[in-house]
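Enquirer: build me a structure from this.
(4 chains)
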Number of protein chains: 2
Amino acid sequence: MTTEEAARAGVEQHEELELDVFARLCPSREMFAELADKWSMLILMSLSACGPQRFSELQRAVGGVSRKMLTQSLRNLERSGLVLRTVFPETPPRVVYDLRPLGRELAELVAPLGRWTERRALQMLAAREEFDAAHAGGGE
Amino acid sequence: MTTEEAARAGVEQHEELELDVFARLCPSREMFAELADKWSMLILMSLSACGPQRFSELQRAVGGVSRKMLTQSLRNLERSGLVLRTVFPETPPRVVYDLRPLGRELAELVAPLGRWTERRALQMLAAREEFDAAHAGGGE
DNA sequence: GCCTTCGGTCTCTAATGTAGACCAGGTCTC
DNA sequence: GAGACCTGGTCTACATTAGAGACCGAAGGC
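Expert: Predicted coordinates:
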């Protein structure tokens, strides 16, 4: 086996291991950067929790999201195969978004994150106040 | 403030601290917005995977992070009680960051997200190319 | 006619992220 | 002993991006 062949075999064997979210130029990092975003995550959580929803329903569900960011995040999720966009040619137009299998998979990992944050929010808030107080007292 | 938001805020005040990441005004949403960020998540993942690390080690581990963002994210994590910052008064200075119990808890939820992204990155990339091709063809 | 609905897009401005210089202050080299 | 490191930041410009709100087209109601 030549060095070349060995290298190729190695690449095939460790194909998954080559992807590294910590590496700046890795495709998986690019994907991670898009998914590790509050709007994308909240959208996935909403679709996971409430099922298929229209654009305006999502906007209501995800409090504070602008139409622009909602559109942008949904496009990204759709483009990456996580979300399915269905247009009904009616007037006024009706567009329904739903999770695809890949998106459902991710949503099941993201949902616990939201629940954890709700559970621990007060604790973190308390820690902040303590930190700020200690810092203000120590700084003066 | 819309009527809807006011109603939601009211509910939050009267019901035993109903925290909701979907509500724009909720403290848990504020926390979520800070944690649902690529740098914060990568930092947590690195500390979880490699143990306590110095500032410069973290900067090397989390590829592409600027000193500014690393400092900012670490400060937030520290302030919220997720990360412990220890300064050793040597020269050159040595500062070590480590997970606190709360941060370790969160890191265990975040790590699977990174692994999932690495596992599915190629699939998502393929979906993108398909989407882009279909869109270019359909758009013309 | 004029207004409303829906799912966007466009524009303008405010905020945020990035790159890179700078800093203290002690050690190491020459 | 002058200079060139080293660390863990901060500060300053610049580029990118998020947010607010106007606009849009086609159908339907008043």
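
Enquirer: worst-scoring helix or strand of chain A, pLDDT-wise?
Expert: When each helix and strand of chain A is scored by mean pLDDT, DSSP states H and E, helix A:3-13 comes last, with a mean of 44.

Enquirer: and the helix or strand following that helix, what does it pack onto?
Expert: Next in sequence after helix A:3-13, counting helices and strands by DSSP states H and E, comes helix A:27-35. Using 3 or more Cβ pairs under 8 Å, 6 or more residues apart in numbering or on different chains; DSSP states H and E, the elements in contact with helix A:27-35 are helix B:38-50, helix B:101-139. Heads up, the C-betas are built off the backbone N, CA and C, glycines and all.

Enquirer: ok, and the closest non-adjacent residue to the residue nearest the centre of chain A?
Expert: Taking Cα atoms, centre = their mean as the criterion, residue A:35 is the residue nearest the geometric centre of chain A, at 3.2 Å. Once flanking residues are discounted, residue A:35 sits nearest to residue B:117: 6.4 Å by Cβ to Cβ, 6 or more residues apart in numbering or on different chains.

Enquirer: ok, now which ones touch the one you found?
Expert: A:21, A:28, A:31, A:32, A:35 (Cβ atoms under 8 Å, 6 or more residues apart in numbering or on different chains).

Enquirer: pLDDT averaged over stretch A:42-51, what's the number?
Expert: Average pLDDT, stretch A:42-51: 97.

Enquirer: now tell me what touches it from outside.
Expert: Contacts of stretch A:42-51 (Cβ under 8 Å, 6+ apart): A:53, A:57-58, A:61-62, A:65, A:70, A:73-74, A:77, A:82-83, A:97-99, A:103-104, A:106-108, A:110-111, A:114, B:21-22, B:32, B:36.
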